[in-house]
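J.: one predicted model, sequence on top.
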Amino acid sequence: MWSVEKKRLLIDSLLNGFDIPKIYLHEHATPIEVDGRRVRFSLIDGRQRLEAIWGFLDGEFALADDFTLLEDGAAGAAGKTFNELEQSDDLIAAFLTSINLDVCVIRTDDIELIEEMFSRLNEAVPLNAAEKRNGRGGVLRPIVRELVTHPFFTDKVPFDNTRYRHFDLALKFMLWAEAGRPVDAKKRQLDEFWDDNKSAASEMSGVQTRVASALDVMAPVFEDNDRLLANVGMISVYFLAFDRRLRHGQPIPQRHALLQFNIVRSLESFEREESLSPTMKDYLEFDSLAQRMTDGYALEFRLEVLDRYLNAHA
């Protein structure tokens, strides 16, 4: 429970125009019954703030004795309850009741997500794009959740789904499978893809099958907790390569070829750029683009370099 001093500070902040943190509400798809009442919203975060505001409006405490309005230095409201403000400083009272709180509504039936949000909010860790996206619901959410149960994610990828890292990868796979090629997979594109397909269940079912087929052939190639999959950018390139080869009926690469590709790229040591062969230049460019993990051009270039290597060493 907040102390009276902390409650007073909140009211002081509101009256002086300072920002306060958002109130987070959970909107249930179907109203739930609580104490004999059917309610549509549950509070995720902001209870102490709301109780402080309601407590002041109900006369449970007064403003601090040293309260002043920073705009003009007026101290006439100091030490007064809300009821007293209505009698003597009605403009201040009216201003307080007209303030619009910043409220964020989360529409989901995923209780685990709500609990995770509560934990993060109370640890002052902001939600990332994948967490916010999954909170909005839609057709892609159950598809992504099903995809990350695939053995490729559960057994082969050497990092867990903390902060929905697997979810984010699976959504990128869906985007690229639907496009049929590497495209930008930055936050804006992923958000648009998620929201544009909220009701296209039949279309997305086919894309899901295509992604799952690629994962089916990828999983046996890699070892459990495979170090080749430690880099998210390389996982993306591998998926694009396997997906392309599966669609074109080309041989599926084996782990030793992928490992050798990494070794060959790591062995370059050249004094002058003019001494590099075109292939070696491509390898260096492949690595220089490693940080552009969501850029369509970078993904296309890296895919082509890997593809040429695999064709040459089949």
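T.: Arrived safely, thanks for sending. Numbers count the residues shown, from 1 in each chain.

J.: quick one: the longest strand seen in the chain to chain centroid distance?
T.: Determined from DSSP state E, the single longest strand within the chain is strand 23-34. For strand 23-34, the separation from the chain centroid amounts to 22 Å (computed by C-alpha atoms, centre = their mean, to the nearest Å).

J.: what is the subsequent helix or strand relative to it?
T.: Going down the chain from strand 23-34, the next helix or strand is strand 37-45, by DSSP states H and E.

J.: and that following strand, what's its mean pLDDT?
T.: In this model, strand 37-45 has a mean pLDDT of 90.

J.: and the contacts of the following helix or strand past that strand?
T.: As assigned by DSSP H and E, the chain's next helix or strand after strand 37-45 is helix 47-57. The contact list for helix 47-57 (C-beta atoms under 8 Å, 6 or more residues apart in numbering) reads 1-2, 6-7, 10-11, 14, 20-21, 23, 43, 61, 81-82, 97. To be clear about C-beta, it is placed using only N, CA and C from the backbone, and glycine gets the same treatment.

J.: which one of those is nearest to Lys186?
T.: Nearest to Lys186, judged by C-beta to C-beta, of the contacts of helix 47-57 is Pro21 at 27.4 Å.

J.: which phi and psi does the closest one have?
T.: Recorded main-chain torsions at Pro21 are phi -60, psi 160, according to degrees, to the nearest 10.

J.: give me the pLDDT for it.
T.: On the pLDDT scale, Pro21 is placed at 86.

J.: number of nearby residues for Leu299?
T.: Using other C-beta atoms under 10 Å, Leu299 is surrounded by 24 other residues.

J.: show me the contacts for it.
T.: Counting by C-beta under 8 Å, 6+ apart, Leu299 has contacts Pro182, Ala185, Ser236, Val237, Leu240, Arg292, Met293.

J.: just curious, which of these is nearest to Leu113?
T.: Nearest to Leu113 among the contacts of Leu299, with distances taken as C-beta to C-beta, is Ala185, at 22.0 Å.

J.: can you classify the closest one as helix, strand or coil?
T.: Under DSSP: H, G, I helix; E, B strand; the rest coil, the three-state class of Ala185 is coil.

J.: okay, now it: neighbour count?
T.: Other residues lying near Ala185 total 24 when counted by other C-beta under 10 Å.

J.: hang on, it packs against Phe173?
T.: No: checked against C-beta atoms under 8 Å, the pair Ala185 and Phe173 is beyond contact range at 9.4 Å.

J.: pLDDT score for Leu147?
T.: Listed pLDDT for Leu147 reads 96.

J.: which non-adjacent residue is nearest it?
T.: Nearest residue to Leu147 in three dimensions, chain neighbours excluded: Ala170, at 4.2 Å (C-beta to C-beta, 6 or more residues apart in numbering).

J.: list the contacts of the one you found.
T.: By C-beta under 8 Å, 6+ apart, Ala170 lies in contact with Val144, Leu147, Val148, Phe153, Val211.

J.: recalculate using a threshold of 10 Å.
T.: Applying C-beta atoms under 10 Å, 6 or more residues apart in numbering, we find Ala170 in contact with 130, 140, 143-150, 152-153, 161, 164, 208, 211, 215, 239.

J.: again with Val144
T.: So Val144 contacts 130, 133-134, 138, 164, 166-171, 173-174, 194, 208, 211 (C-beta under 10 Å, 6+ apart).

J.: that's all I had, so thanks and see you.
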